[in-house]
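Student: Provided below for reference: sequence and predicted model.
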2 protein chains.
Amino acid sequence: MTAVLVIEDDDRIRLALLLALEEEGYRAYGVATAEEGLQRQRADPADNVLVDLMLPGMDGFEYIRQLRRDDDVPIVVVSARDDTHDIVAALEAGADDYVVKPVAIKELSARLRALRRRGRVGTTPVSNHIIGELEVSPDAGEVRRAGQVVPVTRTEFRLLCELAEHVGRVLSRRQLLQRVWGYDTGDERLVDVHVGRLRQKIEDDPANPRHLVTLRGLGYKLQR
Amino acid sequence: MTAVLVIEDDDRIRLALLLALEEEGYRAYGVATAEEGLQRQRADPADNVLVDLMLPGMDGFEYIRQLRRDDDVPIVVVSARDDTHDIVAALEAGADDYVVKPVAIKELSARLRALRRRGRVGTTPVSNHIIGELEVSPDAGEVRRAGQVVPVTRTEFRLLCELAEHVGRVLSRRQLLQRVWGYDTGDERLVDVHVGRLRQKIEDDPANPRHLVTLRGLGYKLQR
DNA sequence: GGTTCCATGACAGTTGTGTGACAAATCAGG
DNA sequence: CCTGATTTGTCACACAACTGTCATGGAACC
């Protein structure tokens, strides 16, 4: 069955849309924020995405841009604003269609069908490690936290990739030195420093890390 | 250059559309009847078709059905009628989008671009890449920015194609040297220089690139 | 309480990148 | 074949960003 993800902060509208879509034979589910929308689509990809533009927190434009980094799902904007600038900006950001509220469900359904008929084309998805709200894309050379790109340096990035490839496993300082730096020798404290810097960037509370944790006497571990 | 066929019986509207499209950087030509439209598209296929619904003789719905028998070109209906039944019927007949007259040319252009990005499904795979407002057509040997052709040199073009083929992925200087120049060896700084020159042409603010970005220590990446 | 292990801030040296200038190479048109 | 224009590759400099070391203080362990 065709699955549709609806991102709309107004509860009444969202529920009405979901109901109408189910009536039309879709499996439909919704979230209220763009952040949830990103997470949801990564965890359980839908065949179509409907998104409002005015959302609390991350807005619809930014949502589209972020999703489009590694997902080619057809995106339809459902907005109350009938403004050329918005329409152009949304399509440029990567949306495939733009309809103005209130929208006839039959029209929406027909537009979704037309889009699916076109099919997907484009980039093969990038391989990601997902650790909770953290995403590491070795291909894209990017680290995201709750959808937001976090700038990390090359060494930090390599270190994080190494840890992400072995989620839940302890890696000793020596192992990390070996794999990230290529050293066989050298001061192991170097690892500490970089772990510390990484924590500043990817942890909510760097002093009490939830993902990048220390195992005293053993080394470091990345966990979900 | 992207060619657009316009089928519209009202001379004034047709000419206005053609003019506006050319202004946007398209090669545009028009006919007044569906019969002419079919003939023309078979003789000299356009990349997009705009069609009115109310036409003398064969109407727009029938035109779409007939054209769709052997052509997967993106079709956009441009109609004065804002009626759900018409919209659904047109999309069901095989149209890809439906806009209501009068239409902002910028919106129309953005919708055409979005459609081309989706590409054709039945015919040869699309080889042109669309990255935001940027279009790269390896076949046509052209780069467009917001519809306007940007003159780039051969090397810049190859570099851009290489990056465009891997949107969202980092390519190291060595990889680029290898793929664009065919070197196995050589000074990697060469890549920097050409990236810099490319940025001057395709970026809004070359000093703060939005698409052709540097990933320090990793290489370059083209992103939407 | 002593010991070991770890976190963190500061800092100087190093590396990586952007850019302008320039000469060699290539191309277009006569 | 010649000439002028364009394109290409090299270089050097400046600047910003990154890295590794060290010292200090704090936390965990016995």
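Tutor: Okay, I see it.

Student: can you pull out the strands in chain A?
Tutor: With DSSP state E applied, chain A shows strands at A:3-7, A:27-31, A:48-51, A:75-79, A:97-100, A:129-131, A:134-137, A:142-145, A:148-150, A:170-171, A:212-215, A:219-222, listed in chain order.

Student: tell me the most buried of those?
Tutor: Ranked by mean neighbour count, the strands of chain A are led by strand A:48-51 with a mean of 25 (mean count of other Cβ atoms under 10 Å in any protein chain shown). All C-beta spots, glycine's among them, are computed from the backbone N, C-alpha and C.

Student: shaky segments in chain A?
Tutor: For chain A, applying pLDDT under 70 flags the ranges A:119-126.

Student: write out the residues of it neighbouring DNA strand C.
Tutor: A:189, A:192-193, A:195-196, A:199, A:206-207, A:214-219 (Cβ under 7 Å from any atom of the strand).

Student: 10 Å - rerun?
Tutor: A:153-154, A:172-173, A:188-200, A:203, A:205-209, A:212-220 (Cβ under 10 Å from any atom of the strand).

Student: just the buried members of those residues?
Tutor: For the residues of chain A next to DNA strand C, a burial check counting by 16 or more other Cβ atoms under 10 Å in any protein chain shown picks out A:173, A:190-191, A:194-195, A:197-199, A:203, A:209, A:212, A:219-220.

Student: kindly reformat those residues as a markdown table containing distance to chain B.
Tutor: Conversion of these to a markdown table gives the following (distance: Cβ to the nearest Cβ, whole Å):
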| residue | distance to chain B |
| --- | --- |
| A:173 | 22 |
| A:190 | 17 |
| A:191 | 18 |
| A:194 | 14 |
| A:195 | 18 |
| A:197 | 15 |
| A:198 | 15 |
| A:199 | 20 |
| A:203 | 22 |
| A:209 | 24 |
| A:212 | 20 |
| A:219 | 24 |
| A:220 | 21 |
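
Student: those residues: which ones sit near DNA strand D?
Tutor: Within these, those near DNA strand D by Cβ under 10 Å from any atom of the strand are A:190, A:191, A:194, A:197, A:198.

Student: need those in a markdown table with distance to residue A:109, can you?
Tutor: As requested, these are arranged in a markdown table below (distance: Cβ to Cβ, whole Å):
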| residue | distance to residue A:109 |
| --- | --- |
| A:190 | 58 |
| A:191 | 55 |
| A:194 | 52 |
| A:197 | 50 |
| A:198 | 47 |
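
Student: among these, which are in helices?
Tutor: A:190, A:191, A:194, A:197, A:198 (DSSP state H).

Student: from these, which is closest to residue B:57?
Tutor: residue A:198 (69.1 Å; Cβ to Cβ).

Student: need the strands of chain A in TSV (columns: distance to residue B:11).
Tutor: Putting the strands of chain A into TSV (distance: least, Cβ to Cβ, whole Å) gives the following:
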stretch	distance to residue B:11
strand A:3-7	42
strand A:27-31	45
strand A:48-51	39
strand A:75-79	34
strand A:97-100	30
strand A:129-131	57
strand A:134-137	53
strand A:142-145	52
strand A:148-150	51
strand A:170-171	73
strand A:212-215	68
strand A:219-222	67
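
Student: in contact with the residue in chain A that DNA strand C sits nearest to, which residues?
Tutor: For chain A, the residue closest to DNA strand C is residue A:214, as judged by Cβ to the nearest atom of the strand, at 3.5 Å. Contact analysis of residue A:214 by Cβ atoms under 8 Å, 6 or more residues apart in numbering or on different chains lists A:195, A:220.

Student: got it, and the one 10 residues further on?
Tutor: Residues counted as contacts of residue A:224 (Cβ under 8 Å, 6+ apart) are A:131, A:132, A:167, A:168, A:211.

Student: and the fourth one, how many neighbours?
Tutor: Meaning residue A:168. 9 (other Cβ atoms under 10 Å in any protein chain shown).

Student: list, one by one, the residues from chain A near chain B.
Tutor: Contact residues (Cβ under 8 Å from any Cβ of the partner chain) of chain A with chain B: A:65, A:68-70, A:74, A:84, A:87-88, A:91-97, A:104, A:106-107, A:109-111, A:113-115, A:117-123, A:126, A:139-141, A:153-155, A:157.

Student: ok, of these, which come out buried?
Tutor: A:65, A:68-70, A:74, A:87-88, A:91-97, A:107, A:109-111, A:114-115, A:118, A:122-123, A:126, A:139-141, A:155, A:157.

Student: in helices, which of those appear?
Tutor: A:65, A:68, A:87-88, A:91-93, A:107, A:109-111, A:114-115, A:118, A:155, A:157.

Student: excluding chain neighbours, what is closest to the residue in chain A that chain B sits nearest to?
Tutor: Among all residues of chain A, residue A:154 sits closest to chain B, at 3.0 Å; criterion: Cβ to the nearest Cβ. Leaving aside its chain neighbours, residue A:154 sits nearest to residue B:217 (3.0 Å; criterion: Cβ to Cβ, 6 or more residues apart in numbering or on different chains).

Student: which ones are touching the residue at the greatest distance from the centre of chain A?
Tutor: Distance from the centre of chain A peaks at residue A:185, with 38.1 Å (Cα atoms, centre = their mean). Listed by Cβ under 8 Å, 6+ apart, the contact set of residue A:185 is empty.

Student: now do it against residue A:174, distance only.
Tutor: Applying Cβ to Cβ, to the nearest Å, the value for residue A:185 to residue A:174 is 10 Å.

Student: before we move on, what about residue A:219?
Tutor: 8 Å.

Student: farthest-separated two in the contacts of residue A:224?
Tutor: A:132 and A:168, at 12.0 Å, using Cβ to Cβ across the contacts of residue A:224.
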